[in-house]
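Novice: Structure for this input, please:
(chains A and B)
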Amino acid sequence: MAELTDIPSDFIRAELDEFVEREDERAELIDFYAAVAPHLLEISASIISGRNHDADRLTLEALAGGTPALEVMDGGLIAGMALVGIKFRENFIFVPEVLACARAMKAGMVHIDPILSASGIEPLARVIMGTVKGDLHDIGKNLCIMLLRGAGFEVIDLGVDISADDFIGAVEEHSASLVGMSALLTTTMPNMGHTIEAFIDADLRDDVKIMVGGAPVTPEFAEEMGADAYGDNAVECVEVAKRLAGVGR
Amino acid sequence: MSAFLDRVATGELLISDGATGTYLQVNGLKPGGCPEEFNSNHPEVVRGMARSYFDAGSDIVETNSFGGSRYMLAKYGHGDRVKELNCRAAELAREAAPSGKFVLGSMGPTGEILEEKGGTADAGEMYEVFCEQAAGLALGGVDAVCIETMSDVSGEMTLAIRAVKDSTGLPVVATLCYDRGPRGLFTMMGDTPESTAVALTEAGADVVGSNCGVPIGDMIEIVDAMRQSTDLPILTHVNAGLPRIESGEIVYPDTPDFMAEQMQRVIEAGATIIGGCCGTGPEHVRAFALLLRGGAP
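Specialist: You can find the predicted model right below:
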């Protein structure tokens, strides 16, 4: 078991100390960060502070210095977003800050992505995301996508107003194992159920895990319409996706 | 001056209306359909809605123009009909309004996040979009504009208030939407009821408040917090609870009688204009009028 003082970054130590209150989460993160090299924690710090130019520069420097791309992603970029997610969940930061962090994450990922795909490294899982038929509200869905990408998922964003056929078509085209549906309106919420039925009719229901979310959606509603999981917010969306994909942190 | 603001200034209780979307859905709006299009192809439904609310006891009815900004209408292919659909929305409510009753022009969020808040929308363009919508509502004869369900008080909401004032000179009611999180009540952008009340006052709103988002218990807390932070009149439009599913149907749990009873606490907390949001209808307004002032006037 590592101690807080084992983490080789003043910034990360202070952030952890101030914002991570759950004991299990704290212990897990301390163990994790204590094992990460200082130059990668600088990348994490740039993500957490939403400094996209620094994230860009530090990622390039780490790669040029010989750190493998996967290590830069896990120890630098994803490690940063893990803390961002917790701060967001606990109301320490809000949408504007998360968007700035996500932009910094993206500035680093543009250097990582081509290296990983050239070396045939697979993402955690491939996720199809969209708002259901009739629903044009995508702020929540977009936030989920940013955090999913920040956690190492490959996300295919279908956008808004997506029919059951289009969800099914995308799953087949991309061989995705996860589907995330979002609805803001109570009137379009039932289209989640209709989409799930369409997967059953297409004989594809057993091939994918389906997660749902959106302001009016509840765990009870998710269960009633046959979804595999419900997420209350973008951070939970990532937790749910990891659980459904059977991957750890 | 403004007859609406004069009336509000008396401090007497004013009863607003219930939901627009919920009413239109019961009367033929398809899931995912464009509500504002009803102003042109089902005017009798929209006029009938306003009449139902006035008959139930509303002093104020909102226009069917919540999604009437160019950003939202463009998603339905009606981006070129902003002036027409907003003007019509105002006219239909006006036609149903008895004399001495008020029509509030509804303006909802654009669905965009400003660049300065990490999104992609340009502030100058958003300002113009609000000006355009407000001008349509003014043309149709609204008494004031209600900018509602907003999450970004210092950005989008402030732009909207300025746009309405600059382009029409009409009074502005400005209400925000809050969520309850682990640390309390916040807008999506992280502002508290206290800080938003101050910001709305500084931005030039004439009436401030809150709508949608939370059940009535939380709304009492929001009104109380806003009351501590501004001297402006407070309006609140409250959902009939959080929706749930009962045998395949979407049900809003809070009954008219329950809400009317709770509204007494909303009023005690400092609101002088009360009404319903999602899930409420004329029967809720009737219950408010009966309990809170002994019936429709």
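Novice: Chain A against chain B: which residues are in contact?
Specialist: A:89-100, A:102-103, A:133-139, A:160-161, A:185-191, A:216, A:218, A:220-221, A:224 (C-beta under 8 Å from any C-beta of the partner chain). Using the backbone N, CA and C atoms, a C-beta is placed for each residue, glycine as well.
Novice: and those residues, which of them are in strands?
Specialist: Mapping the residues of chain A next to chain B onto strands (DSSP state E) picks out A:Val160, A:Asp161.
Novice: Now do the helix or strand that contains B:Leu292: everything it contacts.
Specialist: Assigned by DSSP states H and E, B:Leu292 belongs to helix B:282-293. For helix B:282-293, contacts defined as C-beta atoms under 8 Å, 6 or more residues apart in numbering or on different chains pick out B:13, B:15, B:17-18, B:23, B:52-53, B:55-58, B:240, B:256-257, B:259-261, B:263-264, B:267, B:274-276, B:295-297.
Novice: Tell me where the chain has helices.
Specialist: With no chain named, the answer covers chain A. A:10-19, A:23-34, A:38-48, A:52-64, A:69-72, A:79-89, A:95-118, A:139-150, A:164-174, A:190-201, A:219-224, A:234-245 (DSSP state H).
Novice: could you do chain B instead?
Specialist: Under DSSP H, chain B gives helices at B:3-9, B:21-26, B:38-41, B:43-56, B:70-74, B:82-96, B:123-139, B:158-168, B:193-203, B:216-227, B:256-269, B:282-293.
Novice: For the fourth one, list the C-alpha coordinates in CSV.
Specialist: Below are the C-alpha coordinates for helix B:43-56, written out as CSV (Å, rounded to 0.1, in the frame of the first residue of the first chain):
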residue,chain,number,x,y,z
PRO,B,43,-53.5,27.3,-34.0
GLU,B,44,-56.8,26.2,-32.4
VAL,B,45,-54.9,23.8,-30.1
VAL,B,46,-52.5,26.5,-29.0
ARG,B,47,-55.2,29.1,-28.5
GLY,B,48,-57.3,26.5,-26.7
MET,B,49,-54.4,25.8,-24.3
ALA,B,50,-54.1,29.4,-23.3
ARG,B,51,-57.9,29.6,-22.9
SER,B,52,-57.8,26.5,-20.7
TYR,B,53,-55.2,28.0,-18.4
PHE,B,54,-57.0,31.4,-18.2
ASP,B,55,-60.2,29.6,-17.4
ALA,B,56,-58.5,27.6,-14.7
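Novice: helices and strands around it, which ones?
Specialist: In terms of contacts (3 or more C-beta pairs under 8 Å, 6 or more residues apart in numbering or on different chains; DSSP states H and E), helix B:43-56 is packed against helix B:21-26, helix B:38-41, strand B:60-62, helix B:82-96, helix B:282-293.
Novice: okay, the helices of chain B in CSV with mean neighbour count and mean pLDDT next?
Specialist: Formatted as CSV, those follow (neighbours: other C-beta atoms under 10 Å in any protein chain shown; pLDDT from 0 to 100):
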stretch, mean neighbour count, mean pLDDT
helix B:3-9, 16, 97
helix B:21-26, 19, 92
helix B:38-41, 19, 98
helix B:43-56, 21, 98
helix B:70-74, 20, 97
helix B:82-96, 24, 98
helix B:123-139, 21, 98
helix B:158-168, 22, 98
helix B:193-203, 21, 98
helix B:216-227, 22, 98
helix B:256-269, 18, 97
helix B:282-293, 21, 95
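Novice: Kindly reformat the ones you listed as JSON lines containing distance to A:Arg243.
Specialist: Shown next, in JSON lines, are the helices of chain B (distance: least, C-beta to C-beta, whole Å):
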{"stretch": "helix B:3-9", "distance to A:Arg243": "51"}
{"stretch": "helix B:21-26", "distance to A:Arg243": "34"}
{"stretch": "helix B:38-41", "distance to A:Arg243": "43"}
{"stretch": "helix B:43-56", "distance to A:Arg243": "45"}
{"stretch": "helix B:70-74", "distance to A:Arg243": "35"}
{"stretch": "helix B:82-96", "distance to A:Arg243": "45"}
{"stretch": "helix B:123-139", "distance to A:Arg243": "39"}
{"stretch": "helix B:158-168", "distance to A:Arg243": "41"}
{"stretch": "helix B:193-203", "distance to A:Arg243": "35"}
{"stretch": "helix B:216-227", "distance to A:Arg243": "30"}
{"stretch": "helix B:256-269", "distance to A:Arg243": "37"}
{"stretch": "helix B:282-293", "distance to A:Arg243": "40"}
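Novice: Just give the number of residues close to the closest residue to chain B within chain A.
Specialist: Residue nearest to chain B within chain A: A:Gly134 (2.0 Å; C-beta to the nearest C-beta). When neighbours are counted by other C-beta atoms under 10 Å in any protein chain shown, A:Gly134 registers 20.
Novice: Would you check that it makes contact with B:Gly32?
Specialist: Yes. The pair A:Gly134 / B:Gly32 is scored as a contact, 2.0 Å apart, by C-beta atoms under 8 Å.
Novice: Quick check: neighbours shared by those two?
Specialist: With C-beta under 8 Å, 6+ apart, A:Gly134 and B:Gly32 have common neighbours A:Asp161, A:Leu185, A:Thr187, A:Thr188, A:Asn191.
Novice: what's the closest of these to B:Ile161?
Specialist: The closest of the shared contacts of A:Gly134 and B:Gly32 to B:Ile161 turns out to be A:Leu185 (C-beta to C-beta; 26.1 Å).
Novice: Next, count neighbours for that closest one.
Specialist: Count around A:Leu185 with other C-beta under 10 Å applied: 21.
Novice: same deal with the one 4 residues further on?
Specialist: Look at A:Met189: counted by other C-beta under 10 Å, it has 27 neighbours.
Novice: Check A:Asp17 too.
Specialist: Close neighbours of A:Asp17, defined as other C-beta under 10 Å, add up to 12.
Novice: per-residue confidence at it?
Specialist: Looking at A:Asp17, its pLDDT is 96.
Novice: For it, give me its contacts.
Specialist: A:Leu4.
Novice: Pull up the gap between it and B:Gly190, please.
Specialist: 22 Å (C-beta to C-beta, to the nearest Å).
Novice: A:Phe11 now?
Specialist: Using C-beta to C-beta, we find A:Phe11 at a distance of 22 Å from B:Gly190.
Novice: So for these two, which residue has more residues nearby?
Specialist: Ranked by neighbour count (other C-beta under 10 Å), A:Phe11 and B:Gly190 place B:Gly190 first, with 19 against 15.
Novice: List the contacts of that one.
Specialist: A:Asn91, A:Ile93, A:Phe94, A:Val95, A:Pro96, A:Glu97.
Novice: any idea how chain A splits into domains?
Specialist: Using automatic domain parsing, the domains assigned to chain A come out as A:4-118, A:126-245.
Novice: who wins for proximity to B:Tyr127 among these?
Specialist: Each of the domains of chain A has some distance to B:Tyr127 by C-beta to C-beta; the shortest is domain A:4-118, at 19.0 Å.
Novice: I'm done for today, thanks for sticking with me.
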